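K.L.:
need a structure here:
(one chain, ligands or ions: 1)
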Amino acid sequence: MLSQPIMAKLQQIVGKANVLTSPRALEVYAYDSSPFIHPPEAVVFAENKEQVTAVVKLAAEHSLPLVPRGAGTCLSGSAVPWHGGISLVLTKMNRILDIDPLAGTALVEPGVVNLDLQNALEPYGLMFPPDPASQKSATIGGNIAQCAGGIRGVKFGVMKNHVLGLEVVLPDGETVTTGMLAPAGQFAPDFTGIFHGSEGTFGIVTKVLLKLSPLPEKTMTASAAFASLDEAGQAVSTIIAQGIVPTTLEMLDNTLIKAVDDFLHLGLPRDAEALLLVEVDGYAVELERQMDTIRRIFAENNARDFKMAKDEEERQKLWLARRSGNGALGRIKPAYMVQDVTVPVHKLPEMLRFVAKVAEKYNIVIAQMAHAGDGNLHPHLLYSPDDPEEYHRVEEASREIFMKTLALEGTLTGEHGIGLEKLPYMQHAFSPADLEFMAIVKKALDPTLYFNKGKILDL
Ligand SMILES: Cc1cc2nc3c(=O)[nH]c(=O)nc-3n(C[C@H](O)[C@H](O)[C@H](O)COP(=O)(O)OP(=O)(O)OC[C@H]3O[C@@H](n4cnc5c(N)ncnc54)[C@H](O)[C@@H]3O)c2cc1C
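P.N.:
Coordinates of the predicted model:
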């Protein structure tokens, strides 16, 4: 519990209604969307940069841990206030300040919800490519801090490919600008990159200049079933190797196919080991040829039930299976740990096989979903929270998957961040010199180490 004078100062900065300390509020903000739980001592909502600055300065003065927070959808524990202190919520800073269709840019506050931005851009014939499945609630600030991606990642990459400049309040309360938000920014060193995936450990993003893309002229969507994970994985790696760049190339395994079909009765191929969903978009003239090549590669890998959406309604039907995956798993077990390990695409078949063996070895259910086109696997390790022995097996299985990923020269995270979840594996993923370099940057920006303490690095 924070002292009375600190509480009074917080209330003075942001207003009484913007400071929560009831046991129920603290319990709510103890969570993000990971299995990690620890309450803050106060939840504070900031409405503008001046309030952010004043709260940051107060925290620095009293050596209080401070964790920036968007919508709390983080899957790796980054938004959990692991050392208590202040949970500083940015969701009220949610204004779209400018959309410039000629420059193809948008200037936004960090609390803007990803989908709200997409909806605002549509009338201009524009979109913002990163589209996490959590886009109905996840914020742009959280997207930057986690370097989020989404289903369009194969073609468009992740957040760091679409941010032109930032305004950031540093841990000492100073405001800095980077990239195109800095005066004459193009000619200065571009420090925007260090904030991508920094998980709120370097500062609080208060303004963002985003690079937009035009909405595609046409989209073609298809799905196909495969008798083995191996053949599906092989089809994916051949498509990418042949230089086709689908917008989306998603995979569901048999556990997910059955869970979704039990839930929605879509007539999915229940005996298939894998279902691939592929989408190409762009200028209409290019698309038929790309889809023909994809269909041929699918056939060479013994695909069946090839379905091409004839219109938007059929496209949405094909997507429904993928979109309903996470929720449908609740029919099997009440909770899951989801990983986002990423391997080079040609190693996808080997990794899919390995994860299936790990499930057998630890006698747990692992449902495999993947942004397959960029080698980003999402094994969902299912468990019951009231069965600690089962949770222990899930943790062991998770460790094996992380270590195998590194052995295959993959990365611990494709889009969900390090947080608390992957902290124990950082020493295996990076050299001592790399870790030391990260620590030097962190200490330079946050000498007190109170900004989202204990995330990414064990300092
Ligand atoms: C069902 C589901 C589906 C998901 N699908 C995807 C997906 O497809 N792709 C993907 O990449 N992720 C996905 N995620 C993960 C999550 O949605 C993303 O990591 C998202 O970017 C988090 O945004 P948020 O606003 O919820 O941030 P939070 O969870 O609140 O915070 C995440 C991190 O950002 C920091 N932070 C927040 N705001 C700021 C700020 N203004 N300045 C500095 N740091 C800040 C926090 O301190 C924390 O470290 C999914 C999550 C769920 C629950």
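
K.L.:
list the contacts for A241?
P.N.:
For A241, the contact set (CB atoms under 8 Å, 6 or more residues apart in numbering) comprises 345-346. For glycine as for every other residue, the C-beta is placed from the backbone atoms N, C-alpha and C.

K.L.:
ditto for G375
P.N.:
Counted by CB under 8 Å, 6+ apart, G375 has contacts 342-345, 347-348, 351, 410, 414.

K.L.:
count of neighbours near the residue in the stretch 251-400 of the chain positioned nearest to the ligand?
P.N.:
Of all residues in the stretch 251-400 of the chain, N326 sits closest to the ligand, at 5.2 Å by CB to the nearest ligand atom. Neighbour count of N326, defined by other CB atoms under 10 Å: 18.

K.L.:
what's the helix or strand for it?
P.N.:
Counting by DSSP states H and E, the element that carries N326 is helix 325-328.

K.L.:
Show me what that helix packs onto, helices and strands only.
P.N.:
helix 254-264 (3 or more CB pairs under 8 Å, 6 or more residues apart in numbering; DSSP states H and E).

K.L.:
Any part of the helix it packs on near the ligand?
P.N.:
No - using CB under 6 Å from any ligand atom, we find that helix 254-264 stays clear of the ligand, coming within 14.0 Å at best.

K.L.:
Could you list the residues of this protein in contact with the ligand?
P.N.:
Close to the ligand, as judged by CB under 6 Å from any ligand atom, the chain has residues 32-33, 67-75, 78-79, 90, 110, 132-134, 138-139, 141-143, 145-146, 148-150, 199-200, 204-205, 326, 415-416, 452.

K.L.:
Among those residues, which are located in helices?
P.N.:
141-143, 145-146, 326 (DSSP state H).

K.L.:
Pull the contacting residues for G410.
P.N.:
Counted by CB under 8 Å, 6+ apart, G410 has contacts 341-344, 347, 351, 375.

K.L.:
If we use 6 Å, what do you get?
P.N.:
Going by CB atoms under 6 Å, 6 or more residues apart in numbering, G410 touches 341-343.

K.L.:
any chance of these in JSON lines, plus pLDDT?
P.N.:
Shown next, in JSON lines, are those (pLDDT from 0 to 100):
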{"residue": "V341", "pLDDT": "97"}
{"residue": "T342", "pLDDT": "96"}
{"residue": "V343", "pLDDT": "96"}
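
K.L.:
Tabulate the residues you listed (a markdown table), appending secondary structure and neighbour count.
P.N.:
Shown next, in a markdown table, are these (DSSP: H, G, I helix; E, B strand; the rest coil; neighbours: other CB atoms under 10 Å):
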| residue | secondary structure | neighbour count |
| --- | --- | --- |
| V341 | coil | 27 |
| T342 | strand | 24 |
| V343 | coil | 25 |
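
K.L.:
Mind listing residues that contact the helix ranked longest in the chain?
P.N.:
Secondary structure of the chain per DSSP H: the longest helix is helix 388-407. Outside of helix 388-407, the residues within contact range by CB under 6 Å, 6+ apart are 337, 341, 343, 354, 358, 362, 364, 381, 383, 425, 428-429.

K.L.:
which one among these gets closest to L166?
P.N.:
A429 (25.8 Å; CB to CB).

K.L.:
And the pLDDT at the residue nearest to that closest one when sequence neighbours are not counted?
P.N.:
Of all residues not flanking A429 in the chain, L412 sits nearest, at 5.3 Å (CB to CB, 6 or more residues apart in numbering). Looking at L412, its pLDDT is 97.

K.L.:
Roughly how far does I418 sit from A429?
P.N.:
9 Å (CB to CB, to the nearest Å).

K.L.:
what do you get for Q242?
P.N.:
Relative to A429, and taking CB to CB, Q242 is found at 30 Å.

K.L.:
more crowded one of these two?
P.N.:
A429 (17 against 11).

K.L.:
Thought T413 was touching the more buried one, still the case?
P.N.:
No - taking CB atoms under 6 Å as the definition, A429 is not a contact partner of T413, at 9.3 Å.

K.L.:
Fine, thanks again, bye for now.
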